[in-house]
Structure formats: C-alpha cells, structure tokens
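Engineer: kindly return the folded structure for what I paste below:
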Amino acid sequence: MATVAASIEELTASYLEQLAERTPRSHELRAEAERVLAGGVSGHFKAWQPFYVREAKGAHLTDVDGNDYVDLIMGFGPNFLGHSAPVVIDAVREVIGRGTSLAIATPLEVELAQTISRLVPSMQQMRFVASGTEATMMALRTARAFTGRSRIARFEGHYHGQHDAALVSVAHVAGDERRPEAVADGAGITQGVLEDIVVLPWNDIDRVAPLVREAANDLAAVILEPVPFSNIGGEEPDPEFLRALRELTWERGVLLVFDEVITGFRLGLGGAAAHFGVTPDLHCFGKTVGGGFPVGVFGG
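Structural biologist: Residues are numbered from 1 along each chain as shown. The predicted structure is shown next:
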C-alpha cells in the first residue's frame, strides 16, 4: 500500500510539474491573487485548480495560456447544455437590458415558478433565492418554523452548501458507523450548531430509523442529496431506502427535504422525486434553474 501511495504521489508531482511548464500565466495570476483573495481564490473548491480559464464553450475550457481542456465538471452540474450555450446566452441578452437587481416583482419570476411547478408538481409554492446554499438554508428554516422543532438530521458525507448547519460531517467522519457524531467541517461552527444536528449513516434504513425515532420529538427535518455526489461520488440510493425514509418521516411528523442542487432537472425534468417515485415535503434547486446563473429556489 505504501508503494502504491508513493507511486501516486510521484505521478501527481510529475503531472503538476508538466502542467506548470504549460501554464506560466496561470501561475503568475495565482501569485497576484494570493495578495488580494483569501487563499488566492474566491471559493475553497477552486483552491486545487492549477490554471485560470479564459473562455468556456460547449464541453471545453481554454486557459489563459491557450491550453484546451475537456470539462467533466461543468460548473458542478448546472451547465448541462454546455458552457455558453447559445440558447441560454440569447435568452439572457434578450432580458438583461430591461434591468438588473430590481428589488421588485417581474412577470419572469411568475413564469419561471409556473414552469417549475408544472415540471415538479409537488413544488406548489416556492421562493427564489440567489444560490443553492440559500435554498437549503431557507428550507431548513422553513421546516423549523412549520414544525416548531429545532433539530435537523443530515447524512454523513452529503453536501448542502456553506451555511453553519450545512457544514457538519460533510468531509469529516466521527463516531461509530451506526451512530455518527456531528463534527464541524471548519472553524467558526459553534457547539450549539453541532448539538442541533443529528448525523445519519447513508442508505441503511435499519441504522437510520432508530436515530430518527429517538430524536423525533425535536426533529424538524431530514435533509439529503437524493444521489450524493460531492463526497460520496454519485452513490445512487436503494429506492426502498428512500421509500422507507419517506414513511418514517411522515409517521413522525418530520419534514423530508430533497437537496436537488446537483440532481434537479438532470435525473429527469421532474427531478429525483419523479425518478425515484418518492415525494419530499420540500425541494431545493440551484443554478440549473437559471441556466447556470446564480439563482436558487426552495419550496414544496
């Protein structure tokens, strides 16, 4: 195992060395960025990226040194029509001259909400926000307000954005696998936040049910990625697990929240609810709703 690890490290070092030779301008930009951006980036997901993109079209990225790459990430999913898709760009050009950040209602938000409700019938009422992070944050707040309960259950390894309740047990694992412990994924998360989170093991209703029943009197919601991508790598759930979880939460008066920032409109136009035949109480969608532009929506 040590030999394999050493070989991977050597290959990585060799790759990065070759890449550095091809990306001198990107390295100059990184040095400049570190003087004005915390960690040299505007989001921690970008910290590992060794080059800067000048242009993105279709499935290809071109960096500032002219190198071409095939993009397998596509903005973490929302650009499934491709970067700079003409149909999206043309639509944006059509409306951008009418105003930005109006702070007042427009017909477009009604039209978009009607379209979402038609595609996802259980989205009967919704609110638009500026990001997937805000969508999950507001969905959990709504669950607390509706139930009058304070605690949230989430699955180990699932990613739900950058608010405090979301940054628990995402990348860090603690406790027994049958009873995971809530652990902060970074500094600044208070002990009070951790006490309000119940961490669940993924895809095993026999382990999940006792934990949900034990906390049910204080539990406002269970939130999950229907297909967790960020840290688990796209592990599709057992449909029976989702159905059993739906029955369990319904039985205990706990809201079920589908975070479909990644899966929404990609598993199908009806999202995970239609794909798996399981209807949550609340849905959360992200940039896909806006063709890759910063927007989110939550509702149910």
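Engineer: going forward, measure contacts between C-alpha atoms and count neighbours the same way
Structural biologist: Noted.
Engineer: how many neighbours does Gly75 have?
Structural biologist: Close neighbours of Gly75, defined as other C-alpha atoms under 10 Å, add up to 14.
Engineer: same question, Lys287
Structural biologist: Counted with other C-alpha under 10 Å, the neighbours of Lys287 add up to 23.
Engineer: do the same with Leu242
Structural biologist: Neighbouring residues of Leu242 were enumerated by other C-alpha under 10 Å; the total is 21.
Engineer: and His172, by the same measure?
Structural biologist: Neighbours around His172, by other C-alpha under 10 Å: 15.
Engineer: from here on, call the first residue 40.
Structural biologist: Noted, 40 is the first residue going forward, which turns the last one into His211.
Engineer: and it, how far from Leu68?
Structural biologist: Between His211 and Leu68 the distance, using C-alpha to C-alpha, to the nearest Å, works out to 31 Å.
Engineer: one more: Ala255?
Structural biologist: Summarising the geometry, the distance separating Ala255 from Leu68, computed by C-alpha to C-alpha, is 51 Å.
Engineer: which stretches of the protein have low pLDDT?
Structural biologist: Per-residue confidence of the chain (counting by pLDDT under 70) places the weak regions at 40-45.
Engineer: right, and Thr288 touches Leu281 too?
Structural biologist: No: taking contacts as C-alpha atoms under 8 Å, Thr288 lies outside contact range of Leu281: 10.5 Å.
Engineer: does Gly330 really touch Asn118, like I thought?
Structural biologist: Yes: shown here, Gly330 and Asn118 form a contact pair, counting by C-alpha under 8 Å, at 6.6 Å.
Engineer: just to revisit the earlier point, ok, Ala255 and Leu68, which is more surrounded?
Structural biologist: For Ala255 versus Leu68, neighbours defined as other C-alpha under 10 Å are more numerous around Ala255 (20 against 14).
Engineer: doesn't the more buried one fall inside a helix?
Structural biologist: Yes: with DSSP: H, G, I helix; E, B strand; the rest coil as the criterion, Ala255 is part of a helix.
Engineer: what about the nearest residue to it once chain neighbours are set aside, neighbour count?
Structural biologist: Distance criterion C-alpha to C-alpha, 6 or more residues apart in numbering; nearest residue to Ala255, sequence neighbours excluded, is Arg291 at 6.2 Å. Arg291 has 15 neighbouring residues, counting by other C-alpha under 10 Å.
Engineer: what is the lengthiest helix in the chain packed up against?
Structural biologist: If you go by DSSP state H, the chain has its longest helix at helix 41-61. Packed against helix 41-61, as judged by 3 or more C-alpha pairs under 8 Å, 6 or more residues apart in numbering; DSSP states H and E, are no other helices or strands.
Engineer: how about the CA coordinates for the following helix or strand past that helix, as CSV?
Structural biologist: Per DSSP states H and E, the first helix or strand lying C-terminal to helix 41-61 is helix 63-75. As requested, the backbone C-alpha atoms of helix 63-75 are provided in CSV (Å, rounded to 0.1, in the frame of the first residue of the first chain):
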residue,chain,number,x,y,z
PRO,A,63,3.1,30.2,-16.7
ARG,A,64,0.5,32.9,-16.9
SER,A,65,-1.8,31.0,-14.6
HIS,A,66,1.0,30.7,-12.0
GLU,A,67,1.6,34.5,-12.3
LEU,A,68,-2.1,35.1,-11.7
ARG,A,69,-2.2,32.8,-8.7
ALA,A,70,0.7,34.8,-7.1
GLU,A,71,-1.2,38.0,-7.8
ALA,A,72,-4.5,36.5,-6.4
GLU,A,73,-2.9,35.5,-3.2
ARG,A,74,-2.2,39.2,-2.4
VAL,A,75,-5.9,40.1,-2.6
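Engineer: now do the buried residues in helix 63-75.
Structural biologist: Residues of helix 63-75 classed as buried under the neighbour-count rule (16 or more other C-alpha atoms under 10 Å) are 64-66, 69.
Engineer: and stretch 115-129, by the same measure?
Structural biologist: The neighbour-count criterion (16+ other C-alpha under 10 Å) identifies 116-124, 127 as the buried residues of stretch 115-129.
Engineer: excluding sequence neighbours, find me the nearest residue to Leu284.
Structural biologist: If the residues on either side of it in the chain are set aside, Leu284 comes closest to Ile244, at 6.9 Å by C-alpha to C-alpha, 6+ apart.
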